[in-house]
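Student: coordinates only, sequence not included:
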């Protein structure tokens, strides 16, 4: 009689935690466990702007953006973020990255470099991370995240996670940064819509008793790249995620910009000396909209 073989069931063991959890840039510590991978779905759910789903970008007015041109728009989150700057570059046309015609594909390269330089011109910005995910929306949108100067722990791929963890910057600094980037872009065409913060004037007699100015949104959490509705993939069950808050209008009304140039054709960077921030870019303004210095 042959020897019997005893077979025992072996429990599935979760995969080991990857080595990047030990990197200095990894934002978490302690015991971690890797999730079990779900089974693939036969048909992926439609993104925003696909099928019968409404496109948020196509329905947004220009006043929800900090800078606009004939073919491109740049928007911010609806409130200050943990990073010095988080911006999104969008095409006006309802196209995804692989659908761009040659003209827009070439302009996307120029706009990517131009916006990176504009953000890097801000104080205390060391690097600008450029990302494209596209799992939440079918309308092309590129993310630009500024990594703070000297914050070496924020280097690398985990910067979007750190943006959700860091306390938000002040409202005044956030609006000033938006106005500076919009003015920088407007040096090469388009229309700036972001306003710098107003100076909070006080009578001399009240200066000694006045409390330090704080952000109007000090008690609110920072806006999050990871939690932005445009980047949250649809659940496999087809349930709808919570809608993102409406974008805050950062600029003035469109009637105040009558006569300003719109839809300027993008020049090659070498033609306008784009290596350094253009001369005349406003650093601080008491009121009004940051505007282009060319007519």
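Tutor: Okay, I see it. Just so it is clear, the structure is predicted and the values come from calculations on it, not from any experiment.

Student: my read is that residue 181 contacts residue 86, right?
Tutor: No: counting by Cβ atoms under 8 Å, residue 181 does not reach residue 86; the two are 11.1 Å apart. Where C-beta positions appear, they are placed from N, C-alpha and C, glycine not excepted.

Student: so between those two, which is more surrounded?
Tutor: Remark: of residue 181 and residue 86, residue 181 carries more neighbours, 28 against 25, as counted by other Cβ atoms under 10 Å.

Student: skipping adjacent residues, who's closest to the more buried one in space?
Tutor: By the measure of Cβ to Cβ, 6 or more residues apart in numbering, the closest residue to residue 181 outside its immediate chain neighbours is residue 118, 4.7 Å from it.

Student: pretty sure the one you found is in a helix, no?
Tutor: Yes: assigned with DSSP: H, G, I helix; E, B strand; the rest coil, residue 118 falls within a helix.

Student: mind listing what it touches?
Tutor: 180-181, 184-185, 277 (Cβ atoms under 8 Å, 6 or more residues apart in numbering).

Student: and if we set it to 7 Å?
Tutor: The contact partners of residue 118, taken as Cβ atoms under 7 Å, 6 or more residues apart in numbering, are 181, 184-185.

Student: relative to residue 62, how far out is it?
Tutor: The spacing between residue 118 and residue 62, counted by Cβ to Cβ, to the nearest Å, is 19 Å.

Student: and residue 34, how far from residue 135?
Tutor: The gap separating residue 34 from residue 135 is 20 Å, by Cβ to Cβ.

Student: also residue 151?
Tutor: When Cβ to Cβ is the yardstick, residue 151 and residue 135 sit 27 Å from each other.

Student: which one's more surrounded, those two?
Tutor: Ranked by neighbour count (other Cβ under 10 Å), residue 151 and residue 135 place residue 151 first, with 17 against 12.
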